[in-house]
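Peer 1: When you get a sec, could you give me coordinates for this:
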Amino acid sequence: MMPGDVGEVTMLLRAMNRGEETAADKLLNLVYDELHLLAKRYMRHERPDHTMQATALINEAYIRMVGDNTDWQNHQHFIGVAATVMRRVLVDHARAHNAGKRGGDLRRVELEEGIAFSNERSIEVIEVDDALAELEKLNPRQARVVELRYFAELTDDQIAALLNISSRTVQRDWLLAKDWLSDRVR
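Peer 2: Coordinates of the predicted model:
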């Protein structure tokens with residue numbers, strides 16, 4: 001995305017806040033490539049036979065986002081919310097897919113530089129999401145760092161800018177959260 005586009009995204013987000021009906025369509029055209037890249041990153045962590053495609057993930061997430069009454073701040077805020085909503089869409093999809101399979105059939109999930117998933121990824125997506133939700137209650141910023149670094153594959157600098165913290169704080173939060181999650185999902 002070009003620097004001028006970032007300003008235009010912010011203007012369109014503010015127009016959406018004011019209720020301008022055409023702003024959402026214009027915004028989608030402007031951020032679609034960025035959302036598609038984000039969706040592809042998320043889909044790389046899903047099971048190989050996943051029934052949802054990146055385009056469907058974008059569409060579902062975007063519908064949820066523009067249907068919400070979020071007070072949009074700027075481009076970074078929008079992308080951060082998009083990352084969260086995409087993760088929620090995939091977790092909801094996994095929960096629906098495994099509605100009858102939940103229970104004592106838990107599998108080990110390892111948290112390394114990334115999370116190593118087995119073939120039963122949808123069950124593990126739910127397990128990781130549950131652990132991440134627990135971490136969010138204890139330390140919301142650490143949970144957000146995990147979400148943005150692992151699921152959205154943003155860099156430390158991108159996360160730092162999004163959360164308005166230093167890159168060093170992102171790195172520290174990542175290490176602490178990774179250790180906590182590793183213990184939790186074992």
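Peer 1: buried stuff in the helix or strand harbouring residue 87?
Peer 2: Assigning secondary structure by DSSP states H and E places residue 87 in helix 75-97. Applying a neighbour-count criterion of 16 or more other C-beta atoms under 10 Å, one finds 75-87, 89-91, 93-94, 97 buried in helix 75-97. All C-beta spots, glycine's among them, are computed from the backbone N, C-alpha and C.
Peer 1: now swap in stretch 149-160 and tell me
Peer 2: Under 16+ other C-beta under 10 Å, the buried positions of stretch 149-160 are 149, 150, 151, 152, 153, 154, 156, 158, 159, 160.
Peer 1: Start and end of that stretch, how far apart?
Peer 2: 11 Å (C-alpha to C-alpha, to the nearest Å).
Peer 1: May I ask which helix or strand encompasses residue 56?
Peer 2: Per DSSP H and E: helix 54-67 holds residue 56.
Peer 1: then that helix to PDB, C-alphas only?
Peer 2: Output of helix 54-67 as PDB, limited to C-alpha atoms (Å, rounded to 0.1, in the frame of the first residue of the first chain):
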ATOM      1  CA  ALA A  54      -8.900 -16.800   1.500                       C
ATOM      2  CA  THR A  55     -11.500 -14.900  -0.500                       C
ATOM      3  CA  ALA A  56     -14.300 -16.300   1.700                       C
ATOM      4  CA  LEU A  57     -12.300 -15.400   4.800                       C
ATOM      5  CA  ILE A  58     -11.900 -11.800   3.600                       C
ATOM      6  CA  ASN A  59     -15.600 -11.500   2.800                       C
ATOM      7  CA  GLU A  60     -16.800 -13.000   6.100                       C
ATOM      8  CA  ALA A  61     -14.400 -10.900   8.100                       C
ATOM      9  CA  TYR A  62     -15.200  -7.700   6.200                       C
ATOM     10  CA  ILE A  63     -19.000  -8.200   6.600                       C
ATOM     11  CA  ARG A  64     -18.400  -8.600  10.400                       C
ATOM     12  CA  MET A  65     -16.200  -5.600  10.500                       C
ATOM     13  CA  VAL A  66     -18.400  -3.100   8.600                       C
ATOM     14  CA  GLY A  67     -21.500  -4.400  10.400                       C
END
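Peer 1: Cheers, nothing more for now.
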